[in-house]
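# What shape does this take:
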Amino acid sequence: MSKRLKDDSSDDDVADLDAGVESAEDEEGSIEGSEEEEIIEDSDEGSEDDEEMAANSDELDDTDVSRIVSGETAFQDDPSSDEEWDDPNKNTVGHIPMEYYDDYDHIGYNLKGEKIMKPVGAKKDGMDEFLAKNDDPNYWRTVYDAVNQRDVVLSRDEYDVINALMKSKFPDAYDPYEPFAEYDWEDSIHPVINRPPKKANFVPSKWEAQKVRKIVHAIRKGWIQFKEKKAEPPVPQLWADDHLVTDAQLRNSRLLFPAPKMKPPTHSESYHPPPEYLLTEEEKQAWENMDPSDRPTNYIPEQFDSLRKVPSYARFFRDRFERCLDLFLSPRATGKPKLNIDPESLIPKLPSPDELRPFPSTQSMIYEGHTGKVRSISVDPSGQYLASGAEDETVRIWEVETGRCIKQWSLGGTVFSVAWNPDPSRCVVAAAVGDTLFMLHAETLTDEENTAIDDTLFNSAIVPEVRAVVRLQTVTDAERASGIRWKISHDKTIKQISWHAKGDYLTAVCPDATAKAALVIHQLSTRKSQSPFRNLKGKVQFAQFHPTKPFLFVATQMYIKVYNLAKLRLEKKLVPGVKWISSFDIHPQGDNVIMGSYDKRVCWFDMDLSTKPYRVLRYHQLAVRKTVFHKHYPLFASCSDDLTIKVFHGMVYSDLLKNPLIVPLKVLRGPGAVDGLGVLDCQFHPIQPWLFASAADKTIRLYT
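Below is the predicted model of the structure:
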């Protein structure tokens, strides 16, 4: 770039450059120069373009700009073109140093060979440069043409070309992505490539043949399958004639109706009808007085001597129009066939309850004696005795066949849960009274067996080992004489207890305790107590051991978690989708779980199938208190505060492909409600198909 552009980019003259740009905008882009300079008229965007040109002016070099202005650029067109010689006064000396003409009065020669004289005042000193810099608004985009020795004001197009070249880009006039123009010479004699075709173009490729053989082999082996195109169903032709519609089209489409046909003409429509079809004057008058819709015919029979005397029919167009309406409005196809489904066929076919006997159906005995609500019951493994706990602070042992109370303990608090040890050789009853767990010796065996139990299990010389979560209380001599052997105190109230199938482990659930003390496992043989969980999420509501595997089922308010005690990990998490779980029971085979909730639902889980319920039963009107399986018969029952006990047939098959069969059998009505509570607990007899139920009316009932 010329020296003036370099000076213009200095920091000292930025204000002068801005003033020049503003004055250029005020003058609306009009620039007056010498005779050799051009008048540039900018548009509304001129000021913005000027600022951009000024900002990028420092990128140009003096020699490059001089060469571009003088026409010595690398992108110049062919010298033979006419565009190069548009200016007749252009200097044509070529690429020679201009210093050669310093001693002459001219600077070169034009196209005609005439001398081009040096312009007056071409050389400017420092003062002239300074004045032009301050007075000329276009000074910053003015360059000096050293070949022609004149000042040239760059236009917008020239600036874009210079800027593109300095950035190693194409000028705007050239499109590098212009589509290729194909040429086809129809009258050409010689081809573009006069080269004979290769022999390989006429010989089959061995590689392609090998590929084809592989594909054919894969198709024959069935490794490559082709999708068969499904045949589109034929479109029924609703308006086609009946004789053009085939039987197959009738079967694949809806049943079509033929177009309504006109009735054949009668004798009264003849031009010479018999006399009996002609109307009398009274009949004609009556026909005319009738409403058109009530007339038997829309014409009056007339008689003519010959057909030539028959006039034109006055209602011809009207009849044609009505005929077209009949064809248009007539049904062309039958509607959707109405489904005639027998409601009985929608009900699943279940076996009759009479075929599924035996099951409890009749109330046989009432055990009376408690003075408070009977909260929990448990049956002896032999089925001869029944233990019950009530709000009257007592635990009673009943003889099942006679209904006689043979033993009673007064424990000084509400008994929330009782559990009889499932081992027949141990006549031990566990009772949860407030925050204390009592171990009671029922003494239902012989004297020798009872003495052996005291010596082995409840030897006073061996002190049970307990952890910090529980505390061992001292048993007095009077309590020991009555049958109380141990008293283990917990942090909070014990709501539920459950024995292991072998009778050695016992779980105690304290929902209101901390996570560490919410569930405590007691071992009878080693006299140890432990808390298996340090951080158990949710309040524990119910816990029970798996009948055959080392699994522990723990129910919180919304989930049932299955823990593997051998591997110390969580195996499964059953999601019943209820708000509050009340109880659950495990099938004797261990693969199915029945669960009850306080929001009136009973859920059956098939753990081999899914963690979600296989069946959700909603037949109780109030909260479900207890669900229980029978140990030997395919029966399960649920009791609720709606004073009903529902008995079901629940058959679990050994075939994994066959789903469990659930059949409702009997609805047993319980006693009246007390304080909104109905049937609180139910238990099956371990041997017989009998059912025990305890209620809030202080009674225990036996259904056989």
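# wait, is F328 part of a strand?
No: using DSSP: H, G, I helix; E, B strand; the rest coil, the assignment for F328 is helix, not a strand.
# Can you give me the neighbour number for it?
Counted with other Cβ atoms under 10 Å, residues neighbouring F328 total 8. Every C-beta, even on glycine, is put in place using the N, C-alpha and C of the backbone.
# where along the stretch 351-500 of the chain do the helices fall?
447-456, 477-482 (DSSP state H, counting those that start in this stretch).
# Point out where the chain drops to low pLDDT.
1-86, 121-122, 172-174, 183-192, 234-258, 330-338, 445-468 (pLDDT under 70).
# By residue count, tell me the biggest helix in it.
If each helix of the chain is counted by residues according to DSSP state H, the longest one is helix 206-221.
# how far out from the middle of the chain is that one?
Taking Cα atoms, centre = their mean, to the nearest Å, the mean C-alpha location of helix 206-221 is offset from the chain mean by 44 Å.
# how about the CA coordinates for that helix, as PDB?
Backbone C-alpha positions of helix 206-221 (Å, rounded to 0.1, in the frame of the first residue of the first chain) are rendered in PDB as follows:
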ATOM      1  CA  LYS A 206     -14.000 -64.300 -11.900                       C
ATOM      2  CA  TRP A 207     -14.300 -62.300  -8.700                       C
ATOM      3  CA  GLU A 208     -17.900 -61.400  -9.500                       C
ATOM      4  CA  ALA A 209     -18.600 -65.000 -10.300                       C
ATOM      5  CA  GLN A 210     -17.100 -66.100  -7.000                       C
ATOM      6  CA  LYS A 211     -19.200 -63.600  -5.200                       C
ATOM      7  CA  VAL A 212     -22.400 -64.800  -7.000                       C
ATOM      8  CA  ARG A 213     -21.600 -68.400  -6.000                       C
ATOM      9  CA  LYS A 214     -21.300 -67.400  -2.400                       C
ATOM     10  CA  ILE A 215     -24.600 -65.600  -2.500                       C
ATOM     11  CA  VAL A 216     -26.400 -68.500  -4.200                       C
ATOM     12  CA  HIS A 217     -24.900 -70.900  -1.700                       C
ATOM     13  CA  ALA A 218     -26.200 -68.700   1.200                       C
ATOM     14  CA  ILE A 219     -29.700 -68.500  -0.300                       C
ATOM     15  CA  ARG A 220     -29.800 -72.300  -0.700                       C
ATOM     16  CA  LYS A 221     -28.700 -72.800   2.900                       C
END
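# ok, the residue nearest the centre of the chain - contacts?
Compute the mean C-alpha point of the chain, and by Cα atoms, centre = their mean the closest residue is K612, 18.0 Å away. By Cβ atoms under 8 Å, 6 or more residues apart in numbering, the contact list for K612 reads 574-577, 605.
# same question, Y614
By Cβ under 8 Å, 6+ apart, the residues touching Y614 are 604-606, 659-660.
# what does R569 give?
Contacts for R569 (Cβ under 8 Å, 6+ apart) come out as Y563.
# cool, N592 as well?
Here N592 is in contact with 586, 604-607, 650, 652, 660 (criterion: Cβ under 8 Å, 6+ apart).
# So what pairs up with it in the strands?
Beta bridges link N592 to D606, judged by DSSP bridges.
# what's the spacing between it and P660?
Separation of N592 from P660 (Cβ to Cβ, to the nearest Å) stands at 6 Å.
# same deal with A515?
Distance of A515 to P660, computed by Cβ to Cβ: 35 Å.
# same thing with S638?
Relative to P660, and taking Cβ to Cβ, S638 is found at 16 Å.
# Same question for P422.
25 Å.
# cool, K516 as well?
Distance from K516 to P660, counting by Cβ to Cβ: 37 Å.
# same question, K698
Applying Cβ to Cβ, the value for K698 to P660 is 37 Å.
# Repeat that for P88.
For P88, the distance to P660 (Cβ to Cβ) stands at 109 Å.
# cool, and E571?
21 Å.
# go on, Q621?
Taken as Cβ to Cβ, the span from Q621 to P660 is 25 Å.
# Same check on L440?
For L440, the distance to P660 equals 37 Å [Cβ to Cβ].
# More neighbours: which of the two?
Per other Cβ under 10 Å, whichever of L440 and P660 has more neighbours is L440, with 23 against 17.
# tell me the contacts of the more buried one?
Residues near L440 by Cβ under 8 Å, 6+ apart: 395, 409, 428-431, 483-485.
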